[in-house]
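K.L.:
Next input, structure requested:
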Amino acid sequence: MRDLGGERVEEAVAGALALLRTATDRDWDGVRADRLEWSCHRTAEHLAGALFAYAGQLASRPRDAYVPFEITLDEGTDQDGLLDVVETAAALLVAAFRATPRRARAFHPFPFRSANREGFAAMGVAETLLHTRDIAEGLGLTYTPAPELAEYVLTRIFPTVRPGPDPWQTLLWATGRGELPGRDPVTEWRWSNNLVLPADRLTLEGVTPAAVADLCAGGDGGFDWLDGGPFEGTLEAAGMVLKAYEAGVHRPEFGLFALVRRSDGRAVGGMGFHGVPDEEGQAEVGYDLVEGARGQGYATEALRALSEWALARDGVRSLFATVEADNAPSQAVLSRVGFRQVSEDFDDEGLLAYQLRG
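P.N.:
Numbers count the residues shown, from 1 in each chain. Below is the predicted model:
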């Protein structure tokens, strides 16, 4: 999967500036930006500040807070000058994105307190699309960005939003700016960056809807895979996640994680859940490794980290896994993590069931 982040930021900002520069002779201070409490001028200033902030986060990569700075415009800066600042901030974000390693993360509060470069790019595109729309509404301009830009945002930082036939209208609905037939109005919303769980030699990286779609289409999902690609179980899990996303029932913390080796950044397998916990608080887990990573303890390490995280969450009482009766290595992984065999079904599918209680 190509790293589209820089290109998408450039495309979004170029479209925004092309429209807004046709109205720089208007009074932006005295006009409210659609439903916002800010004026059009203040909204554009906020957009510039957000793009600067995201660039700063990627450049310095703080772990626990935003870099403590804000932009201040020179006194008397007019609309043309303000849009020059937006353009400059976007250029800095693009440069920071391209200089940031794929695996690097920096602080962002929602919802798991960090984001990678793709997340910051998607947030930058979202800020640009949505606030350009707000300003355009205030000034009486017509604004419709390319659907690919809205889809880029939705598939990366709105993983729980069921896609619709028009990505732009879906994004407007998801952010309380529009209506969609058959869906209740949105009054509160947050975007959602992917979850990352640390282990000893591995990092478990939550796989976004964009990445699972790429995997299902034969791509790499944005990961550098050992042995040339994910094993069949990971591809099957990607298909399950994609179906859940398309149905609007995907919950990323109970989705698919890529197991990425710290030493070289190679993805060595996949692990995750078959869905959210059931009414009894039980969630099913599954995993596999590429052949070249087996027998080195990676599955045990990852499953222990994932199990500890899951069982510490409210509403999760136990974890469940099934394994083939002749798959001794996988049975050993479950046993080492603390799972206990609870049933067997040799007459049906030849599976053993294991459970770990919190």
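K.L.:
residues touching P159, list them.
P.N.:
S192, N194, T208, P209, Y245, H250, P252, G255 (C-beta atoms under 8 Å, 6 or more residues apart in numbering). (Each C-beta comes from the backbone N, C-alpha and C, glycine too.)
K.L.:
So it, which state does it fall into?
P.N.:
In terms of secondary structure, P159 is coil; the call rests on DSSP: H, G, I helix; E, B strand; the rest coil.
K.L.:
confidence score at it?
P.N.:
On the pLDDT scale, P159 is placed at 98.
K.L.:
how near is the residue nearest to it when sequence neighbours are not counted to L311?
P.N.:
Spatial nearest neighbour of P159, excluding adjacent residues (C-beta to C-beta, 6 or more residues apart in numbering): P252 at 4.6 Å. The gap separating P252 from L311 is 18 Å, by C-beta to C-beta, to the nearest Å.
K.L.:
Give me the more crowded residue out of those two.
P.N.:
Neighbour count, other C-beta atoms under 10 Å: between P252 and L311, P252 has more, with 23 against 16.
K.L.:
where's the more buried one relative to R156, distance?
P.N.:
In this view, P252 and R156 are 11 Å apart by C-beta to C-beta.
K.L.:
joint contacts of these two?
P.N.:
T208.
K.L.:
Quick one: the helices in the protein, in order.
P.N.:
With DSSP state H, the ranges of helices along the chain come out as 5-20, 40-60, 79-99, 117-139, 147-157, 167-174, 209-216, 232-247, 298-311, 328-337.
K.L.:
what angle separates the second one from helix 5-20?
P.N.:
Regarding helix 40-60 and helix 5-20, their directions subtend 160 degrees when assessed with axes from the mean of the first three to the mean of the last three C-alpha atoms, to 10 degrees.
K.L.:
Using PDB, write out every CA atom in helix 40-60.
P.N.:
The C-alpha trace of helix 40-60 is given here as PDB (Å, rounded to 0.1, in the frame of the first residue of the first chain):
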ATOM      1  CA  CYS A  40     -14.400  32.400   9.000                       C
ATOM      2  CA  HIS A  41     -11.100  34.200   9.800                       C
ATOM      3  CA  ARG A  42     -10.800  32.400  13.100                       C
ATOM      4  CA  THR A  43     -11.600  29.100  11.600                       C
ATOM      5  CA  ALA A  44      -8.900  29.400   8.900                       C
ATOM      6  CA  GLU A  45      -6.500  30.400  11.700                       C
ATOM      7  CA  HIS A  46      -7.400  27.300  13.600                       C
ATOM      8  CA  LEU A  47      -6.800  25.200  10.500                       C
ATOM      9  CA  ALA A  48      -3.300  26.600  10.100                       C
ATOM     10  CA  GLY A  49      -2.600  26.000  13.800                       C
ATOM     11  CA  ALA A  50      -3.800  22.400  13.600                       C
ATOM     12  CA  LEU A  51      -1.600  21.700  10.500                       C
ATOM     13  CA  PHE A  52       1.400  23.300  12.300                       C
ATOM     14  CA  ALA A  53       0.700  21.300  15.500                       C
ATOM     15  CA  TYR A  54       0.500  18.000  13.600                       C
ATOM     16  CA  ALA A  55       3.800  18.800  11.800                       C
ATOM     17  CA  GLY A  56       5.400  19.600  15.200                       C
ATOM     18  CA  GLN A  57       4.200  16.300  16.700                       C
ATOM     19  CA  LEU A  58       5.700  14.300  13.900                       C
ATOM     20  CA  ALA A  59       8.900  16.300  14.000                       C
ATOM     21  CA  SER A  60       9.600  15.900  17.700                       C
END
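K.L.:
Mind listing what's buried along it?
P.N.:
Residues of helix 40-60 classed as buried by neighbour count (16 or more other C-beta atoms under 10 Å): 40-59.
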